[in-house]
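> please find the sequence and the predicted model below.
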Amino acid sequence: MSEVKDVEFLEYIVRSIVDNPDAVKINREVDERGVLISLDVDAKDMGMIIGRQGSTAKAIRTLLRVIGARNDSRVNLKINEPEGSDRAARQEEGREEAAPEAESVEKSIDDIVDEIK
């Protein structure tokens with residue numbers, strides 16, 4: 001019974017939010033730790049599912065946990081990174097950009113120490 005409720009709920013909410021509802025895929029797995037629901041959406045709709053600072057995703061997870069608690073099960077949501085997403089590339093760029101800044105800070109500290117001497 002809870003399978004129908006949690007998957008139907010998630011499907012209804014996500015399809016209402018995204019621009020491409022046909023690309024929504026939901027997979028439900030049950031193990032000894034509880035229920036894991038995996039969500040796949042189109043790469044362009046990822047921002048709508050996550051929301052600002054993760055607020056939409058957090059709200060959906062909270063509501064799924066409430067549904068699970070009513071049915072004596074622990075429900076967790078995993079939002080899968082869509083193929084074609086540039087998130088990983090952006091994270092790598094961010095790391096590469098941080099390194100030169102750190103070097104320039106070290107150089108400026110060395111310059112200051114030399115000036116003091």
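That came through fine.
> now do the strand or helix carrying Leu64: which elements does it pack against?
Assessed by DSSP states H and E, Leu64 sits inside helix 55-70. Identification of packing neighbours for helix 55-70 by 3 or more C-beta pairs under 8 Å, 6 or more residues apart in numbering; DSSP states H and E yields helix 2-17, strand 34-40, helix 46-50, strand 75-79. Every C-beta, even on glycine, is put in place using the N, C-alpha and C of the backbone.
> got the ones you listed as a markdown table, with mean pLDDT columns?
Putting those into a markdown table (pLDDT from 0 to 100) gives the following:
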| stretch | mean pLDDT |
| --- | --- |
| helix 2-17 | 85 |
| strand 34-40 | 92 |
| helix 46-50 | 92 |
| strand 75-79 | 92 |
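> Serialize those to TSV and add fields for distance to Gly68.
Formatted as TSV, the helices and strands packed on helix 55-70 follow (distance: least, C-beta to C-beta, whole Å):
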stretch	distance to Gly68
helix 2-17	7
strand 34-40	6
helix 46-50	19
strand 75-79	3
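> tell me which of these lies nearest to Asp110.
helix 46-50 (41.3 Å; C-beta to C-beta).
> got the contact list for the closest one?
For helix 46-50, contacts defined as C-beta atoms under 8 Å, 6 or more residues apart in numbering pick out 14, 17-19, 39, 41, 56-57, 60, 79, 81-82, 85, 87.
> which of the residues you listed has the most neighbours?
Neighbour counts for the contacts of helix 46-50 (other C-beta atoms under 10 Å) peak at Val41, which has 24 neighbours.
> so it makes contact with Ala23?
Yes. Counting by C-beta atoms under 8 Å, Ala23 is a contact partner of Val41 at 6.1 Å.
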